[in-house]
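Asks: Curious how this folds, go ahead:
(chains A and B)
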Amino acid sequence: MEATFIINDETVVKTIDPDMTLQKFLRREHYYSVKCGCETSNCGACTVLLDGKPVLSCSILAARAAGHKIETLEGLQKEAEEIGAFIADEGADQCGFCNPGYIITMIALFRQDSDPSDEKIKTWLAGNFCRCTGYEGQMRGFLRYRDQRRAG
Amino acid sequence: MIHFENYVRPKSFQEAYALAQDYKNVVCGGMMWLHLSDARYDTCIDLCDLQLDKIEEEDGYFKIGAMVSLSELENHVPIKDCFGTAFEDCLKHIVGVQFRNGATLGGSICAKLGFSDVLTLLLPLKTRVVFHRQGEMTLEEFLGKKNERDILKYVLIPKKKVKVRFQSVRRTYTDLPVINVCGVKDDGGMIFAVGARPNVAVLVKEGQRPEFGSNRRGSKEYREHLYDVLVKRIKDALEED
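Replies: Predicted coordinates for the structure are as follows:
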């Protein structure tokens, strides 16, 4: 079936299988920041923004996402660089596989709430897994990012 | 991974209902669990064009569309004003924000999953469900009957300020629950529901004890013990308020 997609502000018409997930579709279209971690709605590595909200692309049909605004890390490089530097400084990017999902989730959070509490940051990060670290590095990095924004 | 040959977005309830009568077709809500199935279908019926993604207030009820996401429910301010933090306390444990942005209330109800936190929360709130063909019934009645191939349209929760407490025991913060309990205190007294027994949630009738069983998340005896503890904690919290 043919469908129209708006990916990182670019409108394209593509052919998809009806049961193709958004993750498979985006990776087919070379958006490799969308990782394939579990495909069982658990790890958050496949997180993308759909109409500004973080969703699990492994669990959403590409057909359902048609006509909606899709954002991947490739289209958010400026914001991603800024946030990513903070978690890199805290050693939270050992293999780096989970980082795109983390960064996309945090971009969504800080767009919605420019000064989230520690608890809210933890709640939003609960859906992103990391095999390498102990999660402390990510938490420190995002708290420092928030604190720097507070300080202006 | 689920497979289907066709994808349709019906423009009317009648169209969706007609398609759903064929056993070769499947109705999809959020698809958070459905996509894990290895089943093969002919057509996926996506309800996303049926304007079911709104929460409205009508005739003394919250009228919640079946395609409202769990995160919308979690953050809905009028619902928080009415029921306090109970919805947030219940829903915040469900996997993560990304998952809850995709999972729908309708999918959570129609799947009748034993580990559902949503069903345990909604039962003691005297929730009603509205189907296209079957019409309106209590959630308790729906959970007790065999599923028909129907389209869930709305979930109605009486908009009445009541005291609600939800508690669960889980191995990790976002894991499936070992057991969950919800208590509501209104003018008529206290009413409880318990879920993840591991069977589907039930209302606890006066003087009766719910049945529990064992699975890999916990034994029957463990659940029986936890049930008494959670009910006591909820009772104490409701009486304290």
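Asks: give me the number of residues near B:Tyr222?
Replies: Residue neighbour count, defined by other C-beta atoms under 10 Å in any protein chain shown, stands at 15 for B:Tyr222. To be clear about C-beta, it is placed using only N, CA and C from the backbone, and glycine gets the same treatment.
Asks: Apologies, that question was intended for B:Leu143.
Replies: Neighbour number of B:Leu143 under other C-beta under 10 Å is 18.
Asks: That one contacts B:Val118, correct?
Replies: No. Between B:Leu143 and B:Val118 there is no contact under C-beta atoms under 8 Å: 11.6 Å.
Asks: and the helix or strand hosting A:Ile6, which strands flank it?
Replies: Element membership of A:Ile6, judged by DSSP states H and E, is strand A:2-7. The sheet places strand A:2-7 alongside strand A:10-15 (antiparallel), strand A:69-71 (parallel), with pairing taken from DSSP bridges.
Asks: What parts of chain A come near chain B?
Replies: A:1, A:18-19, A:21, A:39-42, A:44, A:47, A:50, A:53-56, A:58-61, A:63-64, A:105, A:123-124, A:126-128 (C-beta under 8 Å from any C-beta of the partner chain).
Asks: and the residues you listed, which are buried?
Replies: By neighbour count, with 16 or more other C-beta atoms under 10 Å in any protein chain shown, the residues of chain A next to chain B hold A:18-19, A:21, A:39, A:41-42, A:44, A:47, A:50, A:53-56, A:58-61, A:63-64, A:105, A:123-124, A:126-128 as buried.
Asks: Around chain A, pick out the residues from chain B.
Replies: Residues of chain B lying near chain A (C-beta under 8 Å from any C-beta): B:1-7, B:28, B:30-33, B:35-36, B:44, B:46, B:48, B:71, B:92, B:95-99, B:101-102, B:173-174.
Asks: Can you say which of these are buried?
Replies: By neighbour count, with 16+ other C-beta under 10 Å, the residues of chain B next to chain A hold B:2, B:4, B:6-7, B:28, B:30-33, B:35, B:44, B:46, B:48, B:71, B:92, B:95-99, B:101-102, B:174 as buried.
Asks: What's the separation between the closest residue to A:Ala3 other than its chain neighbours and B:Leu52?
Replies: Excluding the flanking residues, the one nearest A:Ala3 by C-beta to C-beta, 6 or more residues apart in numbering or on different chains is A:Ala66, at 3.7 Å. From A:Ala66 over to B:Leu52 the distance is 18 Å, taken as C-beta to C-beta, to the nearest Å.
Asks: which of the residues in the strand holding A:Ile6 are buried?
Replies: A:Ala3, A:Phe5, A:Ile6, A:Ile7.
Asks: pLDDT value on residue 107, please?
Replies: Chain wasn't specified; assuming chain A. Here the pLDDT value assigned to A:Ile107 is 97.
Asks: try again with chain B
Replies: Note for B:Gly107: predicted pLDDT of 95.
Asks: which residues does it contact?
Replies: B:Gly107 makes contact with B:Cys28, B:Gly29, B:Gly30, B:Met31, B:Met32, B:Trp33, B:Leu34, B:Ala66, according to C-beta atoms under 8 Å, 6 or more residues apart in numbering or on different chains.
Asks: ok, now B:Gly106?
Replies: With the criterion set at C-beta under 8 Å, 6+ apart, B:Gly106 makes contact with B:Gly29, B:Leu47, B:Leu52, B:Gly65, B:Ala66, B:Met67, B:Val68, B:Leu152, B:Val155.
Asks: helix/strand/coil for it?
Replies: helix (DSSP: H, G, I helix; E, B strand; the rest coil).
Asks: Restrict whatever helix or strand B:Val169 lives in to CA atoms and write it as PDB.
Replies: Under the criterion of DSSP H and E, B:Val169 resides in strand B:163-170. C-alpha atoms of strand B:163-170 as PDB (Å, rounded to 0.1, in the frame of the first residue of the first chain):
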ATOM      1  CA  LYS B 163     -11.500   8.800  47.600                       C
ATOM      2  CA  VAL B 164      -9.500   6.300  45.600                       C
ATOM      3  CA  ARG B 165      -6.400   4.400  46.400                       C
ATOM      4  CA  PHE B 166      -4.500   2.000  44.100                       C
ATOM      5  CA  GLN B 167      -1.600  -0.200  45.300                       C
ATOM      6  CA  SER B 168       0.300  -2.900  43.700                       C
ATOM      7  CA  VAL B 169       3.300  -5.200  44.300                       C
ATOM      8  CA  ARG B 170       5.800  -5.600  41.500                       C
END
